[in-house]
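Engineer: fold the stuff below for me.
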Amino acid sequence: MAPQSDVRELSWTELDHKAVDTIRVLAADAVEKVGSGHPGTAMSLAPAAYLLFQQHLRHDPRDPQWIGRDRFVLSPGHTSLTLYLQLFFSGYGLEMKDIESLRTWGSLTPGHPEVGHTDGVEITTGPLGQGLASAVGFAYAQRRMRGMMDPDAAPGTSPFDHSIFVIASDGDLQEGVTSEASSLAGHQELGNLVVIYDENHISIEDDTDVAFTEDVLGRYAAYGWHTQRVDWTRTGEYVEDIEALHLAINEAKSETSRPSIISLRTVIGWPSPTKKNTGGIHGSKLGTDELEALKKELGFDPQAHFALDDEVLAHVRKVADRGADLHAEWQKSFDAWKDAHPDNASLLERLETGSLPEGWEAKLPEFDAGKALATRAASGKVINAIAEVLPELWGGSADLAGSNNTTIESAASFIPETKQTNSWKGNPYGRVLHFGIREHAAASIVNGITLASPTRAYSGTFLIFSDYQRPAIRLSALMGIPSIFIWTHDSIGLGEDGPTHQPVEQLASLRAIPNLDVVRPADANEVAWAWKTVLENTSNPAGLVLSRQNLPVYDRSQPGFGPAEGVAKGGYVLVEAMRDGQVVDPDVVLIGTGSEVQLAVEAREALAGEGVAARVVSLPSLEWFNRQEEDYRESVLPAAVTARVSVEAGVAQGWRELVGDAGRIVSLDHFGASADYQRLYTEFGITAEAVAQAARDSIAAAK
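Structural biologist: Okay, the predicted model is just below:
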C-alpha cells in the first residue's frame, strides 16, 4: 500500500509543460535517427510518465536499488522511450548520447528495456502482457515482505509499504495472461497496485476496433478493481488535463483495499500534424517532413536534433533531490524499525545478500532405501522440512496442490481473510499461494515476486502445462532471475489421463531455452539434492520435473553405488560397472533421467549376467552437467567408451550429442495413450529389456 505521505498537491509550471514537449521531440528524433522504433506512444504518454516520475513515484535516482522505492513497470516495452526519457530526465545515468544510441549495438537503450542492463529498469517486459502480469507478482512480494518484516505497523506507516505503478496498453489488455493475473489481483485485494491504461485505440493494424471493442473498465470492475476514467478527448478537443490525471492517481493511491486501474484516453502520436491517431506512428519513424512539422507545432527549431534547453534539464533533474529527501525520511523509519526488530533486521540482511542460513541443509530429509516414493511426494516432504528455516520460501499450485505437493502444511494461505474457504485458511501475509487454473499468470507472478523481493517463490503445475507458461519461463531465463517452477506428472508415467496430459516433447523444448535449468531427479534423495542446488543458485531459473508414479529409493551403501550429492553436478555415476565384485572400466554406459533411471539399473543387472559391465549414469540436469569442468565430465562419460545408451520417456532430440554415432537412444517419439503406466511403458518399448538390447547393439556398433 502507498505510504501515507504519498498523496500530494499538483505542481505544474511552464517548465514542466516545456519538459513534456521536449520528451515528445526527443522520442521522435531518436526513432528517426535509428530508423526503427515506436515513437507514437512515447509522444502521447509523455505527460503521464512525466507526472508519475516527477511527482508521484517514490524513487531515488542516486540509489536505484533502494528497497523503499515504488516500482514502475512499463508493460508495453516497445515504447521503451517512455521509460528511457524519464530515466534520462531523472538522472539515473542515461545521458543524451544514450538516447541518440537507441536500439543500437552496445547501447544502454535497447529496443525493449532490459532489467540489469539499464539502471532504473525493474523488469524485462518484452512480449505484451508480461509486464502487467508480473507486476501483480510485484504487489504480492510487497505484501509478503511487509508480513515477514513488519506485520503490525499501521497501514501506510511501514518502511516496507510502497506502491507498484504500471503503464499498460491496449495490446497488454488484449493478452490473455493479463486477464489471468488481473483476476487474481482483484481477488487478492492488492491495494498497492496502480495501473494507468493508455487507451489510445491504435495498434499496428491501426484502429483497435477491428478486433477489440470490449468494456475494459467493466471487465476490471468485475475483477474487483477500483476503476476510473480520464478522457482527454471528452470535450471534442484534445486537452491534456494533467490535474484530472493527478487527482485520479491520488485517488488510486488512497484506495488500499483494491487494485486500481485508470483508463487514460489519449491520442497516439499527439501532436504530430498528420500521423497522430494512426497506426503509421505506432511502430515507424515520422519521416523528415512530419518530424519538422511536429517541431514547428511545438515551437522547436525544425532543423535542430536532440535539442535540450539547459533550464529544462536543470528543472527536471531536481527530482533527484525530491527522491533524496524521501529516501532520508524513509531511512529514519527504517532505522527505527531495525532498532525495534533486530531479529527481522538480521533476516532482511541475510535475504538481501542472497545467502542461506548456516546449517540449513541439516533440515533436508534423507529417505530410506527400499521404499518406493514418487518424486513429487519427495519434493513435498523436502519443502515442508526446510520451510521452518527458510521463511523466504513460499509458493503454491495452479489448482493442483494435492497433485503437485506444493503446500507448506504449517503455513497459512496468502489470501484476504474474507476469501478463506473450508479447505484453506489464511491471511494477507500467508505463504501458500493459490493461482487457480491460471498457469501462465502463475509463472509471470513468480517472476514478479522474484524480481521485486529477495524471497524465493515457486509455482506448480503438470509438466504438460509448462507450454502455457513458456513466455514467462523464457523471460525468467532471459532476465537471469531464480524463479522456481515445479512440474509434476512428467511423462507417460501419469497413465490413464492419456496423450493430452502426457508430456513428450516438453523436456526437449524446455532444455532448448538458454539459461534455464531443467532438473529431473531419479529418486527421493536426488530430489533433496536437487532442491538444495536450486536454492543455492540465484543467477537463473530452474524447473523441477517430478514423477507421479512411485520410484525406487536406491540403497547407496550397496557396492558400486554413488552418493546422491552428485546431483549437484548435474550428472554422476549412480552405479559403477563391476565384474567379479570389482569396479572396472565400463563396456557400455547407460544414461537415464528421472523415472527411466530405474530401467537402466535393471538393464545393468541383466547385462551383468551376460558378462557385460555397464555403468549407469543418472543425468538429472544436462545444464548443470555441462557447466562442470571437462575433467569431471570425462570421469562420468569417458570419451573412450563409445558404447552408450540413453533412456528417457520423451523425444530423442538432444540425446545424440551425448551418445554419439555408435550410441542408441531409447525414447518416445510419438504421443502417448490412455492406460495404466506399466502397460504404456511396455507397449511403447521403454523397458529394461529394451535398454539392455540397445546396449548390445551399441557395443556391436562401437567395435
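Engineer: which residue ranges of the stretch 101-250 of the chain form strands?
Structural biologist: Ranges of strands in the stretch 101-250 of the chain, per DSSP state E, counting those that start in this stretch, are 164-169, 193-199, 202-203, 206-207, 226-231.
Engineer: mind checking the SS state of F300?
Structural biologist: With DSSP: H, G, I helix; E, B strand; the rest coil as the basis, the three-state label of F300 is coil.
Engineer: which one is it nearest to, not counting chain neighbours?
Structural biologist: V25 (5.4 Å; Cβ to Cβ, 6 or more residues apart in numbering). Heads up, the C-betas are built off the backbone N, CA and C, glycines and all.
Engineer: wait, N192 sits on A141?
Structural biologist: No. Applying Cβ atoms under 8 Å, one finds N192 not in contact with A141, separated by 9.9 Å.
Engineer: the nearest residue to G430 once chain neighbours are set aside - how many residues pack around it?
Structural biologist: By the measure of Cβ to Cβ, 6+ apart, the closest residue to G430 outside its immediate chain neighbours is A412, 3.6 Å from it. Per other Cβ atoms under 10 Å, the neighbour tally for A412 reads 18.
Engineer: if I look at A412, what pLDDT would I see?
Structural biologist: We have a pLDDT of 98 for A412.
Engineer: isn't it up against R431?
Structural biologist: Yes. Proximity of A412 to R431 meets the contact threshold set by Cβ under 8 Å, at 7.2 Å.
Engineer: tell me the contacts of D119?
Structural biologist: P64, L87, Y92, G93, L94 (Cβ atoms under 8 Å, 6 or more residues apart in numbering).
Engineer: dump these to JSON lines, plus distance to A135.
Structural biologist: Formatted as JSON lines, those follow (distance: Cβ to Cβ, whole Å):
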{"residue": "P64", "distance to A135": "18"}
{"residue": "L87", "distance to A135": "18"}
{"residue": "Y92", "distance to A135": "20"}
{"residue": "G93", "distance to A135": "24"}
{"residue": "L94", "distance to A135": "22"}
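Engineer: which among those count as buried?
Structural biologist: P64, L87, Y92, L94 (16 or more other Cβ atoms under 10 Å).
Engineer: roughly how far apart are the residue nearest to the spatial centre of the chain and A608?
Structural biologist: Nearest to the mean C-alpha position of the chain, by Cα atoms, centre = their mean, lies N447 at 2.5 Å. From N447 across to A608, the span is 47 Å (Cβ to Cβ, to the nearest Å).
Engineer: with D587 instead?
Structural biologist: Taken as Cβ to Cβ, the span from D587 to A608 is 10 Å.
Engineer: which residues do the two both contact?
Structural biologist: What both D587 and A608 touch, as defined by Cβ under 8 Å, 6+ apart, is the set A614.
Engineer: so what's the residue of the chain most remote from its centre up against?
Structural biologist: If you look at how far each residue of the chain sits from its centre, by Cα atoms, centre = their mean, the farthest one is D580, at 51.6 Å. Residues near D580 by Cβ under 8 Å, 6+ apart: none.
Engineer: one step back: quick one, which of D587 and A608 is more surrounded?
Structural biologist: Higher neighbour count among D587 and A608: D587, with 19 against 14, using other Cβ under 10 Å.
Engineer: give the contact list for that one.
Structural biologist: With contact set as Cβ under 8 Å, 6+ apart, D587 has these partners: A577, V612, A613, A614, V641, A643, I699.
Engineer: and it, backbone torsions?
Structural biologist: phi -80, psi -30 (degrees, to the nearest 10).
Engineer: cool, L264 as well?
Structural biologist: The phi/psi pair for L264 (degrees, to the nearest 10) is phi -100, psi 110.
Engineer: which non-adjacent residue is nearest it?
Structural biologist: Closest to L264 by Cβ to Cβ, 6+ apart is V230, at 5.1 Å.
Engineer: that neighbour against I242, yeah?
Structural biologist: No. Applying Cβ under 8 Å, one finds V230 not in contact with I242, separated by 9.8 Å.
Engineer: comparing the two, which shows the higher neighbour count?
Structural biologist: V230 (23 against 20).
Engineer: just the CA coordinates for the host helix or strand of P47, please, in CSV.
Structural biologist: Assessed by DSSP states H and E, P47 sits inside helix 46-51. Provided in CSV are the C-alpha atoms of helix 46-51 (Å, rounded to 0.1, in the frame of the first residue of the first chain):
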residue,chain,number,x,y,z
ALA,A,46,5.0,11.9,-22.2
PRO,A,47,2.8,13.9,-19.8
ALA,A,48,1.6,10.8,-17.9
ALA,A,49,5.0,9.3,-17.5
TYR,A,50,6.5,12.7,-16.6
LEU,A,51,3.8,13.3,-13.9
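Engineer: show me what that helix is in contact with.
Structural biologist: 16, 19-21, 23-24, 27, 82-83, 85-86, 89, 167, 196, 198, 240, 242, 245-246, 249, 264, 266.
Engineer: residue contacts, L390?
Structural biologist: L356, P357, W360, R456, L535.
Engineer: equivalent analysis for A387, please.
Structural biologist: Neighbour list for A387: L393, I408, S410, A411, R431 [criterion: Cβ under 8 Å, 6+ apart].
Engineer: narrow those residues to those that are buried.
Structural biologist: Here, 16+ other Cβ under 10 Å leaves L393, I408, A411, R431 buried among these.
Engineer: what's the farthest-apart pair in the residues you listed?
Structural biologist: Farthest pair in the buried ones among the contacts of A387 (Cβ to Cβ) is L393 and A411. Separation: 9.7 Å.
Engineer: joint contacts of the two?
Structural biologist: A387, R431.
Engineer: E496: how many residues sit nearby?
Structural biologist: Count around E496 with other Cβ under 10 Å applied: 12.
Engineer: oops, could you answer that again for D343 instead?
Structural biologist: Neighbours of D343 using other Cβ under 10 Å come to 7.
Engineer: noted, bye for now.
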